[in-house]
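*Asks:* Could you work out the structure for the sequence below:
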Amino acid sequence: MEVIAAAVRQGAFIKWNHPGWKRQEPDRTPKFYPVHQELIAKGWLHGIEYSNEHEQYPLVMEMCRDNKLAVMGNSADIHGVISEEFTRSRICRLPMDAASLPRKGHRITERGYVCRTHCCLVW
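*Replies:* Residues are numbered from 1 along each chain as shown. As a prediction, the model looks like this:
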């Protein structure tokens, strides 16, 4: 927790990646563990990943809504070359994140703006 506390003090955006990762969650259902509950209680968790490469975690929508967290797509977490991982017909299906900030100079971690992110999944 010390590392996360230091990151938050420096303005970091803390996101939970792979909430339904099959090695941790064989049924691929994301679950809050005590560490996540502590991060939320402290206001240190800002978003949860909804989509990663070929996986989607639909329950994340409710988890984020109920805890006022950003829903995040994660197309940047592909470990290979995108053009080799995705065929031409599938490349347009990568998720994108967009943030709506009210004024130039505002950061996504500023209070009240974190939930104005949008995860776009276009099929």
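
*Asks:* Please name the residues that touch residue 3.
*Replies:* Listed by CB atoms under 8 Å, 6 or more residues apart in numbering, the contact set of residue 3 is empty. For glycine as for every other residue, the C-beta is placed from the backbone atoms N, C-alpha and C.

*Asks:* can you pull out the strands in the chain?
*Replies:* Here the chain has its strands, by DSSP state E, at 15-16, 47-52, 55-56, 70-73, 96-99, 117-120.

*Asks:* Ends of stretch 43-56, what's the gap?
*Replies:* 25 Å (CA to CA, to the nearest Å).

*Asks:* Can you verify my assumption that residue 28 contacts residue 19?
*Replies:* No: with contact defined as CB atoms under 8 Å, residue 28 does not reach residue 19; the gap is 9.3 Å.

*Asks:* what's the burial count for the nearest residue to residue 38 once chain neighbours are set aside?
*Replies:* Excluding the flanking residues, the one nearest residue 38 by CB to CB, 6 or more residues apart in numbering is residue 1, at 7.4 Å. Residue 1 has 10 neighbours, counted by other CB atoms under 10 Å.

*Asks:* sorry, back to before: list residues touching both of residue 28 and residue 19?
*Replies:* Common neighbours of residue 28 and residue 19 (CB under 8 Å, 6+ apart) are residue 57.

*Asks:* Look at those two and report which has more neighbours.
*Replies:* Set residue 28 next to residue 19 and count neighbours by other CB under 10 Å: residue 19 wins out with 22 against 14.

*Asks:* What sits closest to the more buried one if chain neighbours are left out?
*Replies:* Computed as CB to CB, 6+ apart, the closest residue to residue 19 that is not its neighbour in sequence is residue 30, at 3.5 Å.

*Asks:* Give me the neighbour count for that neighbour.
*Replies:* Neighbours of residue 30 under the rule other CB under 10 Å: 21.

*Asks:* do the same with residue 32
*Replies:* Other residues near residue 32 come to 15 when the count uses other CB under 10 Å.

*Asks:* Ok, residue 29 next?
*Replies:* The burial count assigned to residue 29 is 11, neighbours taken as other CB under 10 Å.

*Asks:* That concludes my questions; thank you for your assistance.
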